[in-house]
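A.B. asks: Build me a model:
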Amino acid sequence: MSRYIIKIYDDKFNRDYYMEWSTIVDAPVTYGCSLEEFTEYYRAEYGRQGILELNERMKRVEEKGISAHPPFDNLQSLFKYNRAGEDETCLDKEGILERYCRNQLGG
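C.D. replies: The predicted structure follows:
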């Protein structure tokens with residue numbers, strides 16, 4: 001099973017959030033954060049080798065919003081069957097933003 005990096009744009013706060021998504025739990029395993037914060041997290045979690053691989057993964061993230069290859073080659077395909085909500089319910093983009101990103105800003 002994989003962990004993908006995703007980027008979600010939030011119209012409400014006019015910003016991008018980056019997070020890591022697990023296909024094991026079908027949900028984010030980090031909260032949304034800035035690119036700088038995410039890079040710091042990634043370095044601490046995966047070390048030097050991880051950072052070397054991060055550049056290639058981030059190219060896909062910036063292009064498609066997700067580091068995955070097909071079948072999850074866009075955020076809609078990833079969000080379609082997630083278990084990111086309360087009691088493993090499925091959340092749409094707005095629900096993921098609210099639960100995993102905006103709460104970090106207190107709003």
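A.B. asks: mean confidence score for stretch 59-70?
C.D. replies: Confidence for stretch 59-70, expressed as mean pLDDT, is 91.
A.B. asks: outside of it, which residues touch it?
C.D. replies: 2, 4-8, 18, 21, 57-58, 72-75, 78 (C-beta atoms under 8 Å, 6 or more residues apart in numbering). Every C-beta, even on glycine, is put in place using the N, C-alpha and C of the backbone.
A.B. asks: Of the residues you listed - the most surrounded one?
C.D. replies: Counting neighbours by other C-beta atoms under 10 Å, Trp21 leads those with 26 neighbours.
A.B. asks: Spatially nearest residue to it (excluding sequence neighbours)?
C.D. replies: In space, Trp21 comes closest to Tyr4 once its chain neighbours are excluded; the distance is 4.7 Å by C-beta to C-beta, 6 or more residues apart in numbering.
A.B. asks: where along this structure do the strands fall?
C.D. replies: 3-10, 15-22, 27-28 (DSSP state E).
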